[in-house]
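*Asks:* Give me the fold of what follows.
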Amino acid sequence: MTDAHRRWVHGFRQGIFESQFLARRAPDKPILLSFDLPEMPQPPSVIRELLAAAALQCIYEHARAEYPRECCGFIHSSGIVVKCRNAQDDFHAADPDEYPRTSANGYCFGMTDQLLIAKSMDAADPVRIIYHSHPDAGAEFSNADRQAALFDGRPAYSDLSYLVIDCRASGVAGAELYEFQSGDFRLSARFAGDEHCSPEGMPAC
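*Replies:* Below is the predicted model:
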C-alpha cells in the first residue's frame, strides 16, 4: 500500500472523506487577491497572500451561508477558493453509531473533493489551505481536527495549513490559521471577522 493510499484509508476511517456519496461543489470563480488585511498577527508570506481579504470574504460568506452547519473547502496555491459540500450528514444518516457527529459539529469532504486534494499535491496548483467553520464554538483547532489531519502522528499532507472560522448567528467573529510546527498543529495567525473583511469595492465571491 502506497503512502497516498494509506492517507486515503486514514481519511475514510476518520470520516473526513466520503466513499458512498458524490459531493457537489458550488460553482466558484477564480478571485484576484489584491487586498491586505488590517494589522493582525500574520502567517508566512505565501500563506498570507492566499488569505488576503478577498479570499477571506469568500470563505466568510460560505460560513455564514452554511450556518448553523459547518462549512468546508480549500484554497489552491493560485489563490482559487473552492467551496465544498459538507458530507458529514450523509455519513451520519448511513451509520449514526460509527459517525455520531452531524454537520452541526463535524465536516467531511466527499470523494470527488478528497481526490482533487490528493491529486493536487503533485500538480502545478496544489491545495495549500483547508478551511472549515465552527458554528458557535470558536476558532480553536480541536482534538478531532488534529486527529483528522494526522497520519501515524505526522501530517497527512505536510504542505497543508488549516483555517478555522468562528461563525455565529450574528456573523463571523474571526478565524485562526494552524500549521504543523514542532510536532503539533499550532496557531500561526489570527484574522479579524466580518467588519474587517468587506471594504468598499471588494470583488464578489
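*Asks:* what's near enough to touch the closest residue to residue 160 other than its chain neighbours?
*Replies:* Leaving out its chain neighbours, the residue that sits closest to residue 160 by C-beta to C-beta, 6 or more residues apart in numbering is residue 130, at 5.9 Å. Where you see a C-beta, it was placed from the backbone N, CA and C, and this is true even at glycine. Each residue near residue 130 by C-beta atoms under 8 Å, 6 or more residues apart in numbering is listed here: 72, 73, 74, 117, 160, 161, 162, 163.
*Asks:* same question, residue 116
*Replies:* 82, 127.
*Asks:* hmm, 6 Å instead?
*Replies:* Not one residue lies near residue 116 by C-beta atoms under 6 Å, 6 or more residues apart in numbering.
*Asks:* per-residue confidence at it?
*Replies:* On pLDDT, residue 116 comes in at 95.
*Asks:* ok, residue 121 - how many residues close by?
*Replies:* As a burial measure, residue 121 scores 14 neighbours (other C-beta atoms under 10 Å).
*Asks:* separation between residue 166 and residue 78?
*Replies:* Residue 166 sits 26 Å away from residue 78, taking C-beta to C-beta, to the nearest Å as the criterion.
*Asks:* neighbour-wise, which of those two wins?
*Replies:* Between residue 166 and residue 78, residue 166 has the larger neighbour count (other C-beta under 10 Å), namely 22 against 13.
*Asks:* Would you mind listing the buried residues in the helix or strand hosting the more buried one?
*Replies:* Using DSSP states H and E, residue 166 sits within strand 161-168. For strand 161-168, the neighbour count (16 or more other C-beta atoms under 10 Å) marks 161, 162, 163, 164, 165, 166, 167, 168 as buried.
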